[in-house]
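Q: Pasted the sequence and its predicted model underneath.
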Amino acid sequence: MVSAQPRETADGPRPTGQAKARPAGQAKVRPAGQATVRSAGRAKVRSAGRSTAHFRGDVAGLRAVAVVLVLLYHAGVGFLPGGFAGVDVFFVISGFLITGQLLAEVDRTGRISLLRFYARRTKRILPAAAVVLIVTAVVVWFAVPRIRWQDIGGDIVASATYVVNWRLADRAVDYFAQGTPASPVQHFWSLAVEEQFYVVWPLLILAAVAIARLGGHRIRTVLAIGLGAVGMASFVWSVVDTSIDPGRAFFVTTTRIWELAVGAGIALAATYCARLRRSHALVIGWIGLAAIVVSGFVVDTTTPWPGYAALLPTLGTAAVIVAGTTAGRRGPVAILGTRPFRQVGDLSYSLYLWHWPLIAIVAADGHLSVGIGLLLTAASVGPAWLTFRYVENPIRFSLGVAASPRLALGLGGNFTLAGISAGIALVISVALSVTTVGNAARLAPGAASLGRSPTLPSTVIPNQVPFITPDPLRAGADVPVTTADGCFQNFTSSTVLWCTYANTRSKTEVVLVGDSKMDEWFPAFYRLAKQNNWKLSIAVKGACAFTLANSQQGEPARPYPSCTAWNRTLLAKLLADRPTYVVTSQGGGYAYDSKGHSTVGAMVAGMRASWSALAAVGTKVIALANNPHPGLDIDQCVDQHRTRLSACAYSHDVRRTDSGYAAQRATAAIVPGVKMIDLFNSICPGTRCSPVIGDVLVYRQGSHLTATYVKSLTPQLATALSGAGLPARYGPAQ
């Protein structure tokens with residue numbers, strides 16, 4: 001999970017050391033909500049048409065609190081598991097400041113200049129963001145394995161165009177993207193949320209102004225009604241979506257709008273907030289600041305987020321902003337308005353932009369220690385300050401840029417184009433790097449080079465082969481057709497997706513059930529179904545073993561209710577249909593017992609219940625042994641060692657620690673009539689296992705087999721199935 005883009009949402013913070021701030025406690029805000037941050041050279045920029053307002057030291061300091069929460073969390077500081085709540089603080093601040101600026105313009109001119117508004121956002125946000133994206137692309141080129149370039153390049157393009165949050169939301173529910181290291185530009189998701197807000201929000205305010213004038217209503221009354229409707233709808237959606245699909249809910253705009261709306265509501269009610277009694281404001285402000293800090297300690301990555309849990313930092317931030325107008329120097333501004341907090345707040349945008357790429361790239365190869373995380377965070381201060389000093393400020397305070405909105409938009413467009421180009425360069429370079437072998441790849445023998453009865457000799461692993469198919473850079477796409485056919489269920493839904501292939505009228509129905517480790521064998525089963533005239537059906541779900549146990553998901557483990565519900569529905573269908581054979585396989589071996597403990601025994605008990613129920617109605621159950629994780633990313637390793645494949649060899653002993661295999665063996669031993677087949681010796685035919693067999697890459701995406709290698713295993717599968725009581729013949733023509 002990543003955190004917010006801490007972003008200065010006023011026209012620009014005061015450059016450190018260039019202007020004196022008001023003493024703590026003397027900060028004021030205009031009743032109309034025209035709060036912004038005073039900047040050096042404001043008189044010059046005012047002449048170019050920019051509005052001014054009073055400095056809010058507490059708001060500037062809030063940015064420092066938020067960014068410190070985020071940075072410490074990303075550095076891996078264990079006592080701050082909820083530091084990602086800093087995102088919520090920034091959303092509230094952004095909603096408050098931007099709405100205040102827009103309301104001030106409506107009060108002053110009766111309208112909103114969209115051109116000037118978007119120009120201000122463009123010159124404030126895009127230059128620094130583009131610099132970080134370009135530098136990140138260069139570092140990725142030199143420091144990250146090529147196999148990740150295409151995904152990261154796409155992320156950079158999506159970040160530059162402010163839609164990366166939706167891309168990450170889709171990835172969060174993509175089973176085959178699980179385990180992929182975090183993108184070095186993943187933190188741009190919150191910037192995308194805010195940019196989408198900035199595009200739409202001024203238009204909604206203009207619509208409210210028009211409605212108010214047509215109906216003779218007060219503008220703020222119409223705005224309050226509209227804001228309340230939007231905010232409440234978003235909050236309800238956030239609670240519901242978070243309970244159903246927390247991975248996706250974290251990133252999407254619809255679950256975050258209510259947090260920006262809370263800030264907007266404060267700006268709308270600024271006049272009323274200013275009437276608070278000072279004693280009340282003091283209590284509200286300090287409680288709010290405490291709520292923000294406490295959220296960093298009491299929530300963690302297992303907390304469904306954002307949902308209702310995000311109310312703690314969101315309302316805490318709102319309380320600090322509300323109290324700041326009247327609490328005076330004894331309020332939170334006594335801390336937040338001090339020079340260190342303001343300076344960190346000024347630097348927060350650049351600091352956040354730079355720290356995450358460093359951490360993500362270094363952490364991609366393994367666990368990141370707290371010491372290294374803190375060192376990388378400290379190292380990001382240098383480029384952050386340089387960007388702030390030589391990119392942000394010169395453009396933000398340029399008289400020429402400020403005087404010409406079209407120039408500002410054009411400048412921002414060019415920076416955006418540069419960021420897009422950097423991402424595209426990574427994507428294209430991967431396409432150019434893929435080895436083209438033409439029709440020769442179709443003749444690669446794969447497992448056929450082993451014969452039907454591989455032994456376990458001390459195998460010599462070749463260091464180089466004429467060609468490798470699929471190319472390691474494209475191995476992730478070498479998957480069964482079931483995903484494209486819509487037959488693979490995601491993490492969220494409990495609906496059973498049932499697909500049928502081959503002879504749909506055959507009296508011999510073979511049903512494949514389980515998780516992705518069953519799905520990966522579909523290419524070989526499909527070949528056998530075509531040749532043996534079977535009706536082949538498949539029902540699979542990501543990370544969901546076929547069991548009646550209470551399933552678990554992820555690391556650290558958490559309940560997987562959609563899997564449990566899916567299994568109950570699936571078993572009911574199987575018992576009603578009574579297919580001839582059910583073949584099942586799985587990667588996971590743990591489930592929750594009645595005491596909530598995660599054990600292999602609980603998984604075995606659940607599998608026994610499912611398998612026994614099928615056996616009782618005459619369906620024959622065959623368990624296909626799981627192929628374990630080789631302990632390294634084979635496709636990535638092979639790409640990096642194309643002329644030294646032995647560097648990617650792994651031990652046959654990885655089978656011993658595989659929980660899925662252990663659960664399968666234990667269950668097959670206690671359920672009468674169940675047969676178990678094991679083809680691991682055809683995947684790893686020696687004491688040391690070759691990553692490429694018969695010119696075919698064996699593994700893709702962690703512990704999954706390539707579809708090409710599975711196809712080559714069809715003869716071995718036919719032999720094993722026949723021995724287990726499912727007659728299966730296979731001829732080379734098929």
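A: That came in fine, so what should we check first? Numbering: from 1, shown residues only.

Q: Check the model's average confidence along the helix or strand where Leu375 lies for me.
A: Per DSSP states H and E: Leu375 is located in helix 370-379. Regarding helix 370-379, the rounded mean pLDDT is 93.

Q: which residues sit against it?
A: Helix 370-379 is contacted from outside by 71-72, 74-78, 355, 358-359, 362-363, using Cβ atoms under 8 Å, 6 or more residues apart in numbering. To be clear about C-beta, it is placed using only N, CA and C from the backbone, and glycine gets the same treatment.

Q: Give me the subset of the residues you listed lying in helices.
A: Residues of the contacts of helix 370-379 located in helices (DSSP state H): 71-72, 74-75, 355, 358-359, 362-363.

Q: pLDDT for these - can I get that in CSV?
A: Output for the ones in helices among the contacts of helix 370-379, formatted as CSV (pLDDT from 0 to 100):
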residue, pLDDT
Leu71, 96
Leu72, 95
His74, 94
Ala75, 93
His355, 94
Leu358, 90
Ile359, 94
Val362, 90
Ala363, 87
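
Q: Just send these back as TSV, with neighbour count too.
A: Shown next, in TSV, are the ones in helices among the contacts of helix 370-379 (neighbours: other Cβ atoms under 10 Å):
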residue	neighbour count
Leu71	28
Leu72	20
His74	27
Ala75	22
His355	25
Leu358	20
Ile359	24
Val362	16
Ala363	19
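
Q: re the thing from before, which among the contacts of helix 370-379 gets closest to Gln552?
A: Taking Cβ to Cβ as the measure, Gln552 sits nearest to Gly78 out of the contacts of helix 370-379, at 23.0 Å.

Q: residues contacting that closest one?
A: Contacts for Gly78 (Cβ under 8 Å, 6+ apart) come out as Val370.

Q: Distance check, it against Phe84.
A: Remark: distance between Gly78 and Phe84 (Cβ to Cβ, to the nearest Å) = 14 Å.

Q: For the residue with the largest distance to the centre of the chain, what are phi and psi?
A: Residue farthest from the centre of the chain, counting by Cα atoms, centre = their mean, is Gly216 at 46.2 Å. The phi and psi values for Gly216, taken as degrees, to the nearest 10, are phi 70, psi 30.

Q: Domain map for the protein?
A: Domain segmentation of the chain under automatic domain parsing yields 42-429, 476-629+654-680+707-723.

Q: How far away from the center of its chain is the shortest one?
A: Centroid separation for domain 476-629+654-680+707-723 versus its chain: 27 Å, with Cα atoms, centre = their mean, to the nearest Å.

Q: Which other helices and strands does the helix or strand containing Thr500 contact?
A: Using DSSP H and E, Thr500 sits within strand 499-502. Packing partners of strand 499-502 (3 or more Cβ pairs under 8 Å, 6 or more residues apart in numbering; DSSP states H and E): helix 522-532, strand 535-541.

Q: Okay, now the sheet partners of it, with direction.
A: strand 535-541 (antiparallel) (DSSP bridges).

Q: and the partner strand with helix 522-532, angle?
A: 160 degrees (axes from the mean of the first three to the mean of the last three Cα atoms, to 10 degrees).

Q: Restricting to C-alpha, output strand 535-541 in CSV.
A: In CSV, the C-alpha atoms belonging to strand 535-541 read as follows (Å, rounded to 0.1, in the frame of the first residue of the first chain):
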residue,chain,number,x,y,z
LYS,A,535,-16.8,-32.4,-22.2
LEU,A,536,-14.3,-30.2,-20.5
SER,A,537,-15.5,-27.7,-17.9
ILE,A,538,-13.5,-25.3,-15.7
ALA,A,539,-14.3,-23.2,-12.6
VAL,A,540,-11.3,-21.5,-11.1
LYS,A,541,-10.7,-18.5,-8.8
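
Q: which residues of the chain score low on pLDDT?
A: Within the chain, the stretches with pLDDT under 70 are 1-55, 174-179, 366, 435-442, 451-459, 732-734.

Q: which residues are in contact with stretch 283-298?
A: Residues from elsewhere that reach stretch 283-298 (Cβ under 8 Å, 6+ apart): 58, 62, 65-66, 69, 72-73, 79-83, 85-86, 88-89, 276, 312-313, 315-320, 322-324, 327, 331-332, 335-336.

Q: For ChimeraX, what selects the buried ones among the residues you listed?
A: To isolate the buried members of those in ChimeraX, using 16 or more other Cβ atoms under 10 Å:
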select :58,62,65,66,69,72,73,80,81,82,83,85,86,88,89,276,312,313,315,316,317,318,319,320,322,323,324,327,331,332,335,336
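
Q: What ranges does the stretch 251-400 of the chain have for its helices?
A: 257-268, 270-273, 278-298, 311-324, 333-336, 339-363, 370-379, 381-387, 393-396, 399-403 (DSSP state H, counting those that start in this stretch).

Q: how about CSV for those helices, with distance to Glu509 added?
A: Listed next are the helices of the stretch 251-400 of the chain as CSV, based on distance: least, Cβ to Cβ, whole Å:
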stretch, distance to Glu509
helix 257-268, 48
helix 270-273, 68
helix 278-298, 52
helix 311-324, 51
helix 333-336, 68
helix 339-363, 47
helix 370-379, 54
helix 381-387, 61
helix 393-396, 67
helix 399-403, 69
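
Q: Nearest to Asp515, out of the ones you listed?
A: Across those, Asp515 has its closest neighbour in helix 339-363 (27.2 Å, Cβ to Cβ).

Q: report the angle between the axes of the closest one and helix 370-379?
A: Relative orientation of helix 339-363 versus helix 370-379 (the same axes, to 10 degrees): 120 degrees.

Q: What is helix 339-363 packed up against?
A: Helices and strands touching helix 339-363, by 3+ Cβ pairs under 8 Å, 6+ apart, are helix 57-75, helix 114-143, helix 370-379, helix 381-387.

Q: hmm, back to that, between whichever helix or strand comes after the strand holding Thr500 and strand 535-541, how big is the angle?
A: Remark: after strand 499-502, the chain's next helix or strand is strand 509-514, criterion DSSP H and E. Put simply, strand 509-514 runs at 10 degrees to strand 535-541, going by the same axes, to 10 degrees.

Q: Just checking: what are the partner strands of strand 509-514?
A: strand 535-541 (parallel), strand 581-585 (parallel).

Q: a markdown table for these, including distance to Ala143 and mean neighbour count?
A: Listed next are those as a markdown table, based on distance: least, Cβ to Cβ, whole Å; neighbours: other Cβ atoms under 10 Å:
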| stretch | distance to Ala143 | mean neighbour count |
| --- | --- | --- |
| strand 535-541 | 36 | 25 |
| strand 581-585 | 37 | 25 |
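
Q: The ones you listed into TSV, with extra columns for distance to Gly95?
A: Formatted as TSV, the strands paired with strand 509-514 follow (distance: least, Cβ to Cβ, whole Å):
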stretch	distance to Gly95
strand 535-541	38
strand 581-585	49
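
Q: Nearest approach to Gly423 belongs to which of the ones you listed?
A: Nearest to Gly423, of all those, is strand 535-541, at 32.7 Å by Cβ to Cβ.

Q: Sheet partners, orientation included, of the helix or strand following that closest one?
A: As assigned by DSSP H and E, the chain's next helix or strand after strand 535-541 is strand 552-553. Take DSSP bridges as the rule and strand 552-553 pairs in its sheet with strand 558-559 (antiparallel).
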